[in-house]
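Undergrad: Got a sequence here, can you build the structure:
(chains A and B, ligands or ions: 1)
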Amino acid sequence: MDRRARPGDVARARERLGENQPMSPAYERPVYAYRRAADQDAVRAVRHPVVIVGAGPVGLTAAIDCAVHGLSNVLLDAEDTVCDGSKAICFAKRTLEIFDRLGCGERLVKKGVVWNRGRVFFGERQIYEFNLAPEAGNGRPAFINLQQYYLEQYLIERLGELDATKLRWRNTVTAVESRADGVGLTVETPDGPYRMLCDYLIAADGARSAIRHLLGLPCQGQVFQDRFLIADVVMQADFPTERWFWFNPPFHTGQSTLLHRQADNLWRIDFQLGCDADPDEEKRPERVIARIKAMLGEQTRVELKWVSVYTFQCRRLERFQHGRIFFVGDAAHQVSPFGARGANGGIQDVDNLIWKLALVLAGKAPTALLESYDAERIPAADENILNSSRSTDFITPKSEVSRAFRDATLMLAEHYPFARRLVNSGRLSVPAVLHASPLITPDADRFDSAPCPGAPCVDAPIQTAAGEDWLLRLLGNGFTGLYITAEHGKMPARVGRVIEQLAAGTIPVDVLVVGGRLTGDGPGRGIIDVAGLVQRRYGGRPGTFYLIRPDQHVCARWRRIELEAVRSALTRALARAAQRSERVA
Amino acid sequence: MKPGRLNVEPHLARPDDFYQGLLELHRDLSDEQSRLANAKLILLLANHVGDHAVLDEALRIAREGLAEAVASAGGQPPPVEMDAIRAAMQGSSKEGS
Ligand SMILES: Cc1cc2nc3c(=O)[nH]c(=O)nc-3n(C[C@H](O)[C@H](O)[C@H](O)COP(=O)(O)OP(=O)(O)OC[C@H]3O[C@@H](n4cnc5c(N)ncnc54)[C@H](O)[C@@H]3O)c2cc1C
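TA: Next up, the predicted model:
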């Protein structure tokens, strides 16, 4: 997909511009050494519980999630460094929350640039702006922009803090053998090939997935013809940290342009080129710089760091689970970049899969639980594909009449609010709600507010005995309960007994007791609803109880906590036979 | 710029679904067929609206800004300089986010 500009090209362009002094040091990709593994000397293929193929954002997240669940795993990557050049930049709130659960959200947010506002221009004029900022009282912003190479580097460093993962660079999978009792792999290394076995294989090997090809699985959907040019430039400009999208700008007639800020004063400029563009010609630095100067003014000092031309597709595998092999991320599905749904979607795949694998491998849930991965993530992928295809259709109209509707919508949008809803410069990634999941228990009681069963939990500021915190930081990895008490933080004795019994089950439920103050006694972990937002956002009259999955999605909720009801929701969430429920202690 | 009784506030429950439907209406149609399909669509919706004051308002708005748009779509140099946008950029940078 990426045809790279050679470093020499950039240097030449810089000379032409008389800019020999770089304004910022280039990012140096770390190189991770290949090391011979004991498996390579074993007489018989060594068996591992989980092998993950591909150390892109999604495979790395999978490895960390496995490690957090105490699941020993091997992560293989064909290369020995982070991604080359510029790829994903926008990471959504939900992704950051997942990284918080995995212990590495803070570092990403610190390095990334936070943005909430977007502006849309048509021709010469700004036609509207939008603000994605979540309401106050959320631990994380709507989006950060961070270069994918930083994300990957930080995830690799996070893995280094955990013991459970063996990360093997320059290990390329060249054959897979899917069997009823496991998966066999052949791995090519600088020392030659070796064989490995695993209980479960996670294929995170990207859009051109070797594993997909080796298994002969078709990936079906739409291929778009339009070419896009991305340029990463360092510039001394005082633009705000916002997403700016131009339809038919005067500096790039008939096409579209996107401007976005990244960390290190780096700016991403994305030019639509149309179908007939010659990628090699377009990538010439002189040409790219001329385009940028036309856009930003002759005087703006720009330093080109990266140029590539790409096309994209919106497509997916028919199923993501194939026996003991699970496809995640771009290996399973691909979308156009408008909407930032690629990596963000893939990271949610992993969030969904790993706790299930951990429970199944620990013998605490039947293998049927793994089948819910398809039931939950295929609709999510379809939603991402639908949204990113629609954005692409709007941005790159395929016929005269589509263009007429597009331009009419844009003309109206400046003055007439209804038309702004129709303008589509990218519907940005939002988390999937698992509406039709077999694991989710629908509401029986009346609730008027989010988060509904299947939705990810929402955040709120809270306080614990240890100090101020965010609700989402206390949820996940295991099953959690959220019990809302009255202002005084006390609960009836009956409820206390239920909470104790839930904590003592074979699948323990760790209950957070939310109130106006900490009582210190009684079962469950007490937390204070410092701003009253837990109560408000969870529609919580006193007595309300939420059962929450290890991936922070709501499993079920009730106005009154009953042991039997919670246990049957838990049974359902684990895909155990519907009738079976644990014996009441 | 508040129009009389024409509702210009968002009113479609699922705008993206509608827009996709609109494009699908035209799939595989010739330009001439598309023009006819659009004309039929307008007539159908106008009849549904029924209210002449509302329709007059919509007819008026539909004529706004056309001359300008056709000039820039024709590839002519834009009448206003890029400085306008740059000024907007500079202005907005002070706002922060
Ligand atoms: C221009 C552009 C902009 C984008 N912007 C965004 C954005 O803003 N937000 C967003 O969320 N997404 C964005 N994306 C999409 C995002 O980059 C991808 O979705 C993401 O990289 C997918 O991650 P992955 O881990 O699934 O696959 P990849 O990142 O492709 O990683 C796959 C890994 O597998 C390894 N591998 C491949 N074959 C083998 C093998 N046989 N054996 C061992 N290892 C192997 C590769 O070396 C690689 O490290 C953008 C993409 C592009 C091109």
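Undergrad: buried stuff in stretch A:536-552?
TA: A:537-540, A:542-552 (16 or more other Cβ atoms under 10 Å in any protein chain shown). C-beta here means a position set from N, CA and C on the backbone, and glycine is covered the same way.
Undergrad: Filter these down to just the ones in strands.
TA: Mapping those onto strands (DSSP state E) picks out A:545, A:546, A:547, A:548.
Undergrad: For residue A:208, state which of the residues you listed is nearest.
TA: Nearest to residue A:208 out of these is residue A:548 (Cβ to Cβ; 36.7 Å).
Undergrad: excluding its backbone neighbours, what's nearest that closest one?
TA: residue A:480 (4.4 Å; Cβ to Cβ, 6 or more residues apart in numbering or on different chains).
Undergrad: Chain B: helices as residue ranges?
TA: With helices called from DSSP state H, chain B shows them at B:15-25, B:31-49, B:52-62, B:66-73, B:83-95.
Undergrad: Present these as TSV; the columns should include mean neighbour count and mean pLDDT.
TA: Output for those, formatted as TSV (neighbours: other Cβ atoms under 10 Å in any protein chain shown; pLDDT from 0 to 100):
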stretch	mean neighbour count	mean pLDDT
helix B:15-25	15	96
helix B:31-49	12	94
helix B:52-62	14	94
helix B:66-73	14	66
helix B:83-95	14	50
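Undergrad: near the ligand, which residues of chain A?
TA: When proximity is defined as Cβ under 6 Å from any ligand atom, chain A approaches the ligand at A:53-59, A:76-79, A:83, A:87-90, A:148, A:172-173, A:204-207, A:210, A:230, A:310, A:329-331, A:337, A:340, A:342-344, A:346.
Undergrad: returning to what we had before: and the residue nearest to residue A:548, how far is that from residue A:258?
TA: The gap separating residue A:480 from residue A:258 is 39 Å, by Cβ to Cβ, to the nearest Å.
Undergrad: likewise residue A:275?
TA: 18 Å.
Undergrad: For these two, indicate the residue with more neighbours.
TA: residue A:258 (21 against 11; other Cβ atoms under 10 Å in any protein chain shown).
Undergrad: Looks to me like that one is in a strand.
TA: Yes: counting by DSSP: H, G, I helix; E, B strand; the rest coil, residue A:258 is part of a strand.
Undergrad: what's the closest non-adjacent residue to residue 29?
TA: As the question left the chain open, I've gone with chain A. residue A:81 (4.6 Å).
Undergrad: if you could check chain B rather than the one you did, that'd help
TA: In this structure, residue B:29 finds its nearest non-sequential neighbour in residue B:37, 6.2 Å apart by Cβ to Cβ, 6+ apart.
Undergrad: Number of residues surrounding the residue in the stretch 101-250 of chain A positioned nearest to the ligand?
TA: Here the residue of the stretch 101-250 of chain A nearest the ligand is residue A:206; by Cβ to the nearest ligand atom that distance is 2.6 Å. By other Cβ under 10 Å, 22 other residues sit near residue A:206.
Undergrad: who does the residue nearest to residue A:29 bridge with?
TA: Bridge pairing for residue A:81 (DSSP bridges) gives the partners residue A:31.
Undergrad: how distant is stretch A:84-92 from the center of its chain?
TA: Chain-centre distance of stretch A:84-92: 11 Å, with Cα atoms, centre = their mean, to the nearest Å.
Undergrad: Restrict that stretch to CA atoms and write it as CSV.
TA: Provided in CSV are the C-alpha atoms of stretch A:84-92 (Å, rounded to 0.1, in the frame of the first residue of the first chain):
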residue,chain,number,x,y,z
ASP,A,84,7.7,2.5,8.9
GLY,A,85,6.5,6.1,8.4
SER,A,86,3.1,7.4,8.9
LYS,A,87,0.0,5.4,9.4
ALA,A,88,-2.7,5.7,12.1
ILE,A,89,-2.7,8.9,14.1
CYS,A,90,-6.2,9.2,15.8
PHE,A,91,-6.9,7.1,18.8
ALA,A,92,-10.3,7.3,20.4
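Undergrad: Name the residues that touch it?
TA: Contact with stretch A:84-92 is made by A:2, A:4, A:29, A:57, A:108, A:112, A:142-148, A:151, A:230, A:232, A:260, A:262, A:268, A:305-306, A:308, A:337, A:340, A:342-344, A:428-431, as judged by Cβ atoms under 8 Å, 6 or more residues apart in numbering or on different chains.
Undergrad: now it: mean pLDDT?
TA: For stretch A:84-92, the mean pLDDT works out to 92.
Undergrad: So for residue A:540, what's the nearest residue that isn't a sequence neighbour?
TA: Distances taken as Cβ to Cβ, 6+ apart place residue A:484 nearest to residue A:540, at 3.7 Å, with adjacent residues excluded.
Undergrad: In strands only, show me the contacts of stretch A:84-92.
TA: If you go by DSSP E, those have A:143, A:144, A:145, A:230, A:232, A:260, A:268, A:305, A:306, A:308 in strands.
Undergrad: wait, which of those is closest to chain B?
TA: Nearest to chain B, judged by Cβ to the nearest Cβ, of the ones in strands among the contacts of stretch A:84-92 is residue A:143 at 11.2 Å.
Undergrad: show me what contacts that closest one?
TA: By Cβ under 8 Å, 6+ apart, residue A:143 lies in contact with A:90, A:91, A:92, A:93, A:114, A:115, A:116, A:132, A:340, A:428.
Undergrad: please redo it, this time with the cut-off set to 7 Å
TA: Contacts for residue A:143 (Cβ atoms under 7 Å, 6 or more residues apart in numbering or on different chains) come out as A:90, A:91, A:92, A:93, A:115, A:132.
Undergrad: so the fourth one touches residue A:135, yeah?
TA: Right, residue A:93. No: in this structure, residue A:93 is not within contact of residue A:135 by Cβ atoms under 7 Å, at 11.9 Å.
Undergrad: More neighbours: which of the two?
TA: Higher neighbour count among residue A:93 and residue A:135: residue A:93, with 23 against 8, using other Cβ under 10 Å.
Undergrad: how far away is residue A:176 from chain B?
TA: In this structure, residue A:176 and chain B are 38 Å apart, going by Cβ to the nearest Cβ, to the nearest Å.
Undergrad: Now do that residue, the pLDDT please.
TA: For residue A:176, the predicted pLDDT is 98.
Undergrad: Tell me what it is bridged to.
TA: residue A:185.
Undergrad: How many residues are close by it?
TA: As a burial measure, residue A:176 scores 19 neighbours (other Cβ under 10 Å).
Undergrad: In the stretch 451-585 of chain A, which residue sits nearest the ligand?
TA: Of all residues in the stretch 451-585 of chain A, the one sitting closest to the ligand is residue A:456 (16.5 Å; Cβ to the nearest ligand atom).
Undergrad: Near that residue, how many residues? Count them for me, please.
TA: Neighbourhood size, residue A:456 [other Cβ under 10 Å]: 27.
Undergrad: Please name the nearest non-neighbouring residue to it.
TA: residue A:431 (4.8 Å).
Undergrad: What count of nearby residues applies to residue A:367?
TA: If you count neighbours by other Cβ under 10 Å, residue A:367 ends up with 11.
Undergrad: if we can go back for a sec, could you export the helices of chain B as CSV, including distance to residue A:254?
TA: Shown next, in CSV, are these (distance: least, Cβ to Cβ, whole Å):
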stretch, distance to residue A:254
helix B:15-25, 19
helix B:31-49, 19
helix B:52-62, 23
helix B:66-73, 8
helix B:83-95, 17
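Undergrad: Contacts only, for the closest residue to residue A:259 other than its chain neighbours.
TA: Excluding its sequence neighbours, the residue lying closest to residue A:259 (Cβ to Cβ, 6+ apart) is residue A:244, at 4.3 Å. Going by Cβ under 7 Å, 6+ apart, residue A:244 touches A:119, A:121, A:259.
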